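Colleague: Show me how the following folds:
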Amino acid sequence: MKKNILVVDDSALMRRLLSDIINSDDRFMVSKVAFNGLEALDYVTTNYRNVDGVVLDINMPKMNGLEFLERISKLNIRLTVIIVSTIAKEGAKETIQALELGAFDFVTKPESFIEAKGNDFKDRLINCLLLATGQNHLYQKTISHPTLQEQAKNVISVKEKVGSTFVYPDCTRAKPKVNMVKKERKPLEKDATKLVALACSTGGPKALQKVIPLLPKNLNASFLLVQHMPEGFTNSLAQRLNDMSELQVKEAVDGEEVQKGYVYIAKGGYQMRVKQQRDRYFLSVTLEAARGGLRPCADIMYESLVDSGYDEITCVILTGMGGDGTQGIKKLNENNNIYVIAQDEETCTVYGMPKVIAESGLVDEVVPLEKVAEAITNHVGVL
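Modeller: Coordinates of the predicted model:
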C-alpha cells in the first residue's frame, strides 16, 4: 500500500516538483498539497490518521514551518515530518530549530532548476522518505544498518555533501554478537589526559540537546563531536547548543588547539582530525573526499586518535543509520585506552550506529539518551 504524503510549500513550482518526484515512486503518493502551515494544520487536524509523512517548507506566509510544528505538538498530533530546507544561513538556523521541534530529518533544496530536475535531489528526498516512513524494510527503526555505504551494492546515489540520507543493506534484528576482545584498560593517574569523542547521525541534533547542555563546565575532558550534516548547518547547530550549554560549543576550525571546556563540532562538508604536537593537540579540518558518502566521517576522527597521547578516550555513539564510528573505535581498541558508551535502542530515532558498535563487543555501557550525559560525567569526572 502506498504511503500518503502531504506536501507543504508556498511555491507552486516547488509543490509541483516535489509532487512529481514523490508520485514517481510507486511506494508513495501525494494525497494533499498545502500553500502554508495554516492550510496544512486545518487538514491534519481532521485527517492526520491518513497522513504517513509530511514534506514541509519553513519560510511560508500566515504560518511557517516552525509554527506548524509547534502547533501539532501542542495538539498532540504525531506526524513524520521531513524539512526541505535552503542552505542559506538563516535557513540552516531554522532547520536546526525544526529538528528540535520534532522533524525527523531534512533534505536541502536544489540551488538551481537543473539541480531540481536531476537525480540527486530526487534520490535524497525519496531516500529520506523511505527511512522516515518505514516503507522499505531497510529503514525500519528496529532494524540496523551494520555496514558502511561503500560495502552496499544497492546504494542510492546521493551528493557527497549531504551526509544525512543513505541506503544501507538489510540486517535482521538480533542479539549483539561479541566478535572482538575488549582490550584491558590501564589504570589512570590523577592527572590523566582524557578525551570524549562522540558520533551521531539521523536524530542527532535533537538527541544532542539532551546530552551536551547537561554536561558540567568543569568536565575533565576535551570533547570532539561528529554529526553527519552538510556544510552550513553544523555552525548553526553549534551556536544553538552553545546557547543551551555550560560548555563552550563551536564549529571546529583548522589549526585550533583542543582544550577542556569546549565541544568542537566537525564542520559539515569537511573531515576533522586531531594532530598532536608534543603534549598539545590541534584540530585539522580539511576539504577532501567523503568516505562512505560521509563528510564528516566519525571513523576518520577516531582513526586520527590512534597515535595520540591521550591516557583515555571515551567514545560515545548516539542515534544514526549505518555503522560510522565502529571501524575507527576498533582501531583505537588495538593500542589505546578506551571506554565506550552507546545509546539504547528504545531512545534512538534510528538504531543503526549504536547497534553496530554494540555488536562489536566493545561497549562498556548501553544507556538511554537521558542518561548519556550522566554516564560521560561519571566516567571522566570533573576538575
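Colleague: where do the helices sit along the stretch 51-200 of the chain?
Modeller: Secondary structure of the stretch 51-200 of the chain, counting by DSSP state H, counting those that start in this stretch: helices at 65-74, 89-100, 113-117, 119-133.
Colleague: chain center to the shortest one: distance?
Modeller: I take that to be helix 113-117. 26 Å (Cα atoms, centre = their mean, to the nearest Å).
Colleague: Pull out the buried residues from it.
Modeller: Neighbour counts over helix 113-117 (16 or more other Cβ atoms under 10 Å) mark Ala116 as buried. For the C-beta atoms, the positions are set from N, CA and C on the backbone; glycine is no exception.
Colleague: What mean pLDDT does that helix get?
Modeller: In this model, helix 113-117 has a mean pLDDT of 79.
Colleague: Against Ser360, how distant is the residue lying closest to Ala34 once chain neighbours are set aside?
Modeller: Ranked by Cβ to Cβ, 6 or more residues apart in numbering and with sequence neighbours excluded, the top spatial neighbour of Ala34 is Ala40, at 3.9 Å. Distance of Ala40 to Ser360, computed by Cβ to Cβ, to the nearest Å: 43 Å.
Colleague: So those two - more neighbours on which side?
Modeller: Ala40 (28 against 23; other Cβ atoms under 10 Å).
Colleague: check contacts around the more buried one.
Modeller: Residues near Ala40 by Cβ atoms under 8 Å, 6 or more residues apart in numbering: 6, 8, 34, 54, 56, 63, 68.
Colleague: can the residues you listed go into TSV with extra columns for distance to Ile212 and neighbour count?
Modeller: As requested, these are exported to TSV (distance: Cβ to Cβ, whole Å; neighbours: other Cβ atoms under 10 Å):
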residue	distance to Ile212	neighbour count
Leu6	33	23
Val8	31	29
Ala34	35	24
Val54	28	27
Leu56	26	27
Met63	30	19
Phe68	27	28
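Colleague: Let me know the closest of those to Lys267.
Modeller: Of all these, Lys267 sits closest to Leu56, with 26.4 Å by Cβ to Cβ.
Colleague: which secondary element of the chain has the worst mean pLDDT?
Modeller: In the chain, the helix or strand scored least confidently by mean pLDDT, DSSP states H and E is helix 113-117, which has a mean of 79.
Colleague: Now do the strands in the stretch 251-383 of the chain.
Modeller: 262-265, 271-277, 280-286, 312-317, 338-343, 365-367 (DSSP state E, counting those that start in this stretch).
Colleague: Format those strands as TSV; extra columns: distance to Leu294 and mean neighbour count.
Modeller: Output for the strands of the stretch 251-383 of the chain, formatted as TSV (distance: least, Cβ to Cβ, whole Å; neighbours: other Cβ atoms under 10 Å):
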stretch	distance to Leu294	mean neighbour count
strand 262-265	15	23
strand 271-277	9	18
strand 280-286	14	16
strand 312-317	14	26
strand 338-343	19	25
strand 365-367	24	18
